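K.L.:
Need the 3D shape of this:
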Amino acid sequence: MLEGEKINLKNASKDDVSLVMQWWTDPQYMGEYQDIMSLSKEELEKVMLENTIFFIIEKKNGTKIGHIGSWMLGRTMEIGFALVPNERRKGYGAEAIRLIVDYLFLTKDIVRIQVSTDTENVASQKALEKAGFSKEGTMRKA
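P.N.:
Presented below is the predicted three-dimensional model:
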């Protein structure tokens, strides 16, 4: 577990797969900038527990409010995250990003961490900026 000031990042377990499946098929959770995921429970479990670094974002009282994960692209890690709608814009996203970035640089042989967002996803971009990221450009035709 990675402990922060307002939240903790808990390693995802098999017990979390159903909740994440519920989140990933909920248009409100995924938001207007992310497609609904259409993975089977078995595929999602493999993604969460084998193919990525995957954390559940929990408030200090244990309430699960989102997820953050990372996957390898050469010597670069890409991260992705989401929060339940009623817990957005409270600083939890930026704190989760800072925690996973510190963890990745301390535990992985990487040279870069990056995030891609929709150009109109201002909320995610603000959370990333608060966590120390800077915009490098816009991918066209990607």
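
K.L.:
Name the single longest helix found in this protein.
P.N.:
Criterion DSSP state H: the longest helix present in the chain is helix 92-107.

K.L.:
How are the helices of the chain distributed by residue range?
P.N.:
Going by DSSP H, the chain shows helices at 17-24, 27-30, 41-46, 92-107, 122-130.

K.L.:
can you tell which of those is closest to residue 59?
P.N.:
Nearest of the helices of the chain to residue 59, taken as Cβ to Cβ: helix 92-107 at 7.6 Å. Placement of C-beta: from N, CA and C, glycine included.

K.L.:
For that closest one, give the mean pLDDT please.
P.N.:
Helix 92-107 comes out with an average pLDDT of 97.

K.L.:
quick one: buried residues of it?
P.N.:
92-101, 104 (16 or more other Cβ atoms under 10 Å).

K.L.:
Would you reformat the helices of the chain as JSON lines and include distance to residue 80?
P.N.:
Below are these laid out as JSON lines (distance: least, Cβ to Cβ, whole Å):
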{"stretch": "helix 17-24", "distance to residue 80": "11"}
{"stretch": "helix 27-30", "distance to residue 80": "11"}
{"stretch": "helix 41-46", "distance to residue 80": "14"}
{"stretch": "helix 92-107", "distance to residue 80": "10"}
{"stretch": "helix 122-130", "distance to residue 80": "10"}
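
K.L.:
I'd like to know which of those helices is closest to residue 137.
P.N.:
For residue 137, the closest of these is helix 122-130, at 12.9 Å, according to Cβ to Cβ.

K.L.:
mind listing what's buried in that closest one?
P.N.:
124-125, 127-128.

K.L.:
I'd say residue 7 and residue 62 touch.
P.N.:
No: using Cβ atoms under 8 Å, residue 7 makes no contact with residue 62, being 10.7 Å away.
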